[in-house]
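1. test case, fold it:
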Amino acid sequence: MSLTKRVDDAEKGVFDKHEYPITLVLSGSTAAQSDSSHDSHNRDEKQVAKAPTPAPIPPPPTKKPAPRKTSIWIRGQLWFNTYRKFFTFVVSLNIVGVLLAATGKWQYPRYYSGACVLGNLLVAILMRNELFGRVLYLLVNTLFAKWTPLRFRLGCTSVLQHLGGIHSGCALSGFMWLIFRVIWIFIHHKVTHVSIIVFGVITLVIILVSIISAFPWIRNTHHNVFERHHRFMGWFGLLSTWIFVVLGDSWDTNTQSWNPDGIHIVQQQDFWFILGMTVFVVIPWFTIRKVKVDPSPKVVIMRFERGMQQGLLARISRSSVMEYHAFGIISEGRHAKYHYLICGVQGDFTRKLVENPPEWIWTRELKFAGVSNTSKLYKRGIRSPDWYLIWIGSDQEKTFGPTIAGLIHNNLGPERVTLWDSKQRGGRPDVMKLIKETYVSWGAEIVFITSNYQGNQEMMEGCKEAGIPAFGTLWDF
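-> Next up is the predicted model:
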């Protein structure tokens with residue numbers, strides 16, 4: 001592996017070059033993995049560590065383990081996770097509110113339907129805002145680490161991992177309230193200016209397109225379509241909402257005339273909701289910067305100045321405003337000189353990144369927290385000698401090279417890590433047997449898993465069946 005020149009500025013990245021393509025890493029730690037796992041469609045981030053000198057190659061497994069059969073009850077519990085519970089609760093609550101307002105049982109939304117629309121949309125944006133997420137993780141990790149009951153800490157981790165359920169639920173609920181508001185305006189169209197009706201319909205259509213683009217099938221099979229439509233329609237929707245709000249608050253239905261009184265507009269709830277939405281949408285875009293990188297033929301390891309805490313993720317893009325893709329950050333800690341991103345060929349973005357490497361890449365300085373950031377809540381953590389790593393992959397050291405291998409070799413003793421090279425050992429182990437034995441012998445409190453969809457599903461089902469607290473990669477819905 002040849003290392004490219006070091007750059008001086010913080011956040012400037014370089015690529016380490018490797019001859020072999022990156023392989024999928026299955027990482028199940030009895031506590032937290034170092035900087036992995038996020039709820040983004042692109043699961044390019046990998047659990048990183050350094051491989052010590054390989055042990056003698058054992059004989060190949062005599063037979064492949066039989067597929068694990070899981071009961072419908074276990075699968076049902078995993079399917080109806082905290083994400084879907086949040087989504088169901090939020091949407092159900094708002095449906096009740098809409099029905100009460102429509103039947104005249106609740107009068108408030110008839111006069112302040114804009115607050116119901118924008119309040120939901122503001123919460124939806126907050127749930128996906130990097131700054132809000134970092135503050136939320138910081139508060140939970142600071143206030144409840146280690147001393148609270150394990151069940152409570154597991155609940156905190158589950159809530160933080162599945163905030164997307166609130167995001168989706170509030171976004172859909174805001175759309176429902178917007179339908180209610182537009183219908184209400186049409187009913188009273190005789191006292192409403194036509195421009196308000198027009199922008200109400202335009203805003204409704206734009207938000208509908210943004211919601212449709214976020215459907216699971218589109219996110220998972222056409223991620224770039226999702227990124228572009230969700231982002232740009234979101235921006236247009238925000239602009240259209242501003243116009244809709246200002247027009248609505250400036251029109252006097254009693255006198256049938258415009259009253260563009262700035263003081264009156266500022267005094268309305270709608271104004272502060274839309275202002276909050278705008279602020280939280282804009283904040284991350286003030287932190288983007290262009291980073292100089294060098295190309296790599298097969299595997300790219302992007303190196304950045306400055307160490308990072310565990311459990312953070314970085315977004316990168318070939319364009320300043322187009323789709324951004326998240327990767328887990330690999331770092332020895334804040335004291336370290338560098339942090340790394342590993343980008344292997346797992347999708348269209350990473351394939352193009354490797355086949356047609358850019359000279360520059362865009363990234364956001366404001367990193368967002370992933371579920372493994374809650375490792376600080378547990379008594380066995382990444383920053384202490386009490387964490388254990390299980391890493392299963394093919395030809396690990398050749399694939400990732402000495403840079404990544406050194407991170408494990410220098411920080412994890414042999415008593416804290418199991419490195420299973422499926423190429424050297426002739427196949428994969430019985431993963432669940434390995435997890436169970438390590439969980440018991442290590443006295444672990446929790447397991448964090450990073451894998452592809454099938455591997456993640458199998459391990460999550462196995463851990464649920466065995467009563468082992470586990471959190472895996474979350475595919476957004």
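
2. lowest-pLDDT helix or strand in this structure?
-> strand 26-29 (a mean of 34; mean pLDDT, DSSP states H and E).

3. determine the set of other helices and strands touching the helix or strand just after that one.
-> Downstream of strand 26-29, the first helix or strand assigned by DSSP states H and E is helix 72-79. Counting by 3 or more C-beta pairs under 8 Å, 6 or more residues apart in numbering; DSSP states H and E, the packing neighbours recorded for helix 72-79 are helix 453-466. The way it works is simple: take the backbone N, C-alpha and C, and place the C-beta from them, glycine included.

4. can I get the helix it packs on in PDB, CA atoms only?
-> C-alpha atoms of helix 453-466 as PDB (Å, rounded to 0.1, in the frame of the first residue of the first chain):
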ATOM      1  CA  TYR A 453     -29.000  -6.700   4.900                       C
ATOM      2  CA  GLN A 454     -29.100 -10.500   5.000                       C
ATOM      3  CA  GLY A 455     -26.300 -10.900   7.600                       C
ATOM      4  CA  ASN A 456     -27.800  -8.100   9.700                       C
ATOM      5  CA  GLN A 457     -31.200  -9.800   9.600                       C
ATOM      6  CA  GLU A 458     -29.900 -13.200  10.600                       C
ATOM      7  CA  MET A 459     -27.800 -12.000  13.500                       C
ATOM      8  CA  MET A 460     -30.600  -9.700  14.800                       C
ATOM      9  CA  GLU A 461     -33.100 -12.600  14.700                       C
ATOM     10  CA  GLY A 462     -30.600 -14.900  16.400                       C
ATOM     11  CA  CYS A 463     -29.800 -12.400  19.100                       C
ATOM     12  CA  LYS A 464     -33.500 -11.700  19.700                       C
ATOM     13  CA  GLU A 465     -34.200 -15.400  20.000                       C
ATOM     14  CA  ALA A 466     -31.300 -15.900  22.400                       C
END
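
5. average pLDDT across the longest helix along the chain?
-> Longest helix in the chain, counting residues (DSSP state H): helix 223-250. Regarding helix 223-250, the rounded mean pLDDT is 89.

6. any buried residues in stretch 314-329, and which?
-> The neighbour-count check on stretch 314-329 (16 or more other C-beta atoms under 10 Å) flags Ala314, Arg315, Ile316, Ser317, Arg318, Glu323, Tyr324, His325, Ala326, Phe327, Gly328, Ile329 as buried.

7. next one: stretch 210-220
-> For stretch 210-220, by 16+ other C-beta under 10 Å, it's Ser210, Ile211, Ser213, Ala214, Ile218, Arg219.

8. quick one: end-to-end distance for it.
-> Using C-alpha to C-alpha, to the nearest Å, one end of stretch 210-220 lies 15 Å from the other.

9. roughly how far is that stretch from the heart of the chain?
-> Stretch 210-220 sits 15 Å away from the centroid of its parent chain (C-alpha atoms, centre = their mean, to the nearest Å).

10. in CSV: the buried residues of stretch 210-220, plus pLDDT.
-> Shown next, in CSV, are those (pLDDT from 0 to 100):
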residue, pLDDT
Ser210, 92
Ile211, 92
Ser213, 89
Ala214, 88
Ile218, 83
Arg219, 80
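
11. and which of these is nearest Val91?
-> Ile211 (12.3 Å; C-beta to C-beta).

12. the closest one: which element?
-> Short version, using DSSP H and E: Ile211 is in helix 194-213.

13. could you do Val182 as well?
-> Here Val182 is assigned to helix 164-187, by DSSP H and E.

14. now do that helix against helix 223-250, angle only.
-> 40 degrees (axes from the mean of the first three to the mean of the last three C-alpha atoms, to 10 degrees).

15. any idea how far Asp348 lies from Lys290?
-> 22 Å (C-beta to C-beta, to the nearest Å).

16. and Arg303, helix, strand or coil?
-> The local conformation at Arg303, judged by DSSP: H, G, I helix; E, B strand; the rest coil, is strand.

17. low-confidence ranges in the stretch 101-250 of the chain?
-> For the stretch 101-250 of the chain, no stretch is flagged by pLDDT under 70.

18. measure Lys85 to Ile166 for me?
-> Lys85 is 10 Å from Ile166, by C-beta to C-beta.

19. who has more neighbours out of those two?
-> Ile166 (21 against 15; other C-beta atoms under 10 Å).

20. correct me, but the more buried one touches Ile125?
-> No. In this structure, Ile166 is not within contact of Ile125 by C-beta atoms under 8 Å, at 11.0 Å.

21. which residues sit against the helix holding Ile211?
-> 171-172, 174-175, 178-179, 181-182, 185-186, 189, 218, 225-226, 229-230, 233-234, 236-237, 240-241, 243-244, 247-248, 251 (C-beta atoms under 8 Å, 6 or more residues apart in numbering).

22. whichever of those end up buried, select them in ChimeraX.
-> Buried members of those, defined by 16+ other C-beta under 10 Å, are picked up in ChimeraX with:
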select :171,172,174,175,178,179,181,182,185,218,226,229,230,233,234,236,237,240,241,244,247,248,251
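
23. burial count for the nearest residue to Gly165 once chain neighbours are set aside?
-> The spatially closest residue to Gly165, leaving aside those adjacent along the chain, is Phe86, at 3.1 Å (C-beta to C-beta, 6 or more residues apart in numbering). If you count neighbours by other C-beta under 10 Å, Phe86 ends up with 21.

24. cool, the one 3 residues further on as well?
-> Phe89 has 13 neighbours, counted by other C-beta under 10 Å.

25. what does the pLDDT read for the nearest residue to Ile288 once chain neighbours are set aside?
-> Distances taken as C-beta to C-beta, 6+ apart place Arg364 nearest to Ile288, at 5.2 Å, with adjacent residues excluded. Note on Arg364: pLDDT of 87.

26. in terms of secondary structure, what does the longest helix of the chain contact?
-> Checked by 3+ C-beta pairs under 8 Å, 6+ apart, helix 223-250 has helix 113-127, helix 194-213, helix 216-221, helix 262-266, helix 269-282, helix 348-355 packed alongside it.

27. who's in contact with the fourth one?
-> Which is helix 262-266. Val246, Asp249, Ser250, Phe271.

28. how about the residues you listed in CSV, adding neighbour count?
-> Listed next are the contacts of helix 262-266 as CSV, based on neighbours: other C-beta atoms under 10 Å:
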residue, neighbour count
Val246, 19
Asp249, 20
Ser250, 17
Phe271, 19
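
29. fine by me, thanks again.
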